[in-house]
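>>> Next come a sequence and a model predicted from it.
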Amino acid sequence: MNMIESSIINNKKMGDDKGYLTVIEEQITVPFDIKRVFYIYGTQEDVRRGYHAHYKTRQALVSVSGSCKVYLNNTKRKTDILLDSPTKILILEPNDWHEMYDFSEDCVLLVLASHLYDAEDYIRDYEKFIEFYSEKL
Ligand code: T46
């Protein structure tokens, strides 16, 4: 498996004077089949969460309300992304160590995942992450 770069997708905002609507479709808006949906909310402002990468799971993150930041490290590149719009989608690859932080009080972070939940798919040990993915460079 080769290293895959994370990416940002600028999704469409549709609507009229009634309000707005934004659509996410598998293999069209996001580059994978969506097997699981969850959302993260009520996170305290000073909390940092995540601290892991995955072996297989690809994910799409959208802050559908409020904002938060995501720190990414794919062993080659470290970056911080601000998610502050319901139309901005961050595609996280399995090789992205990620940490979410700076949650606004009203943040609802929607996550679409390519695989069902499996605790074995998580790499929560940073040294193990570096060892596993550095080999793929
Ligand atoms: C990720 C980031 C963006 C389940 O039982 N099923 C699930 O589908 C998920 C996602 C979590 N859980 C359980 C496992 C933990 O006991 O919910 C608890 C909280 O999960 P976790 O500590 O992994 O939450 P985050 O915010 O650190 O990470 C989550 C996702 O787990 C992860 O895949 O990439 O959001």
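Received the coordinates, thanks.
>>> what's the helix or strand for D106?
Secondary structure assignment for D106, by DSSP states H and E: no helix or strand.
>>> make that Y133, sorry
Using DSSP H and E, Y133 sits in helix 126-134.
>>> which outside residues touch that helix?
For helix 126-134, contacts defined as Cβ atoms under 8 Å, 6 or more residues apart in numbering pick out 3, 51-53, 74-75, 95, 97, 123. Bear in mind the C-beta positions are built from the backbone N, C-alpha and C, glycine included.
>>> Of those, which belong to strands?
Judged by DSSP state E, the contacts of helix 126-134 include 51-53, 97, 123 as members of strands.
>>> Most neighbours out of those, which is it?
Within the ones in strands among the contacts of helix 126-134, neighbour counts (other Cβ atoms under 10 Å) peak at A53, which reaches 28 neighbours.
>>> ok, now how distant is it from the ligand?
A53 sits 9 Å away from the ligand, taking Cβ to the nearest ligand atom, to the nearest Å as the criterion.
>>> Model confidence for the closest residue to the ligand within the chain, exactly?
Proximity of the chain to the ligand (Cβ to the nearest ligand atom) peaks at Y117, 3.5 Å away. Here, the pLDDT recorded for Y117 equals 98.
>>> Next, count neighbours for the residue nearest to it when sequence neighbours are not counted.
Distance criterion Cβ to Cβ, 6 or more residues apart in numbering; nearest residue to Y117, sequence neighbours excluded, is R36 at 6.3 Å. Each residue near R36 was counted by other Cβ under 10 Å, and the total is 13.
>>> Name whatever forms a beta bridge with R36.
R36 has the following beta-bridge partners by DSSP bridges: A113.
>>> What parts of this protein come near the ligand?
When proximity is defined as Cβ under 6 Å from any ligand atom, the chain approaches the ligand at 36, 38, 40, 49-50, 59, 111, 117.
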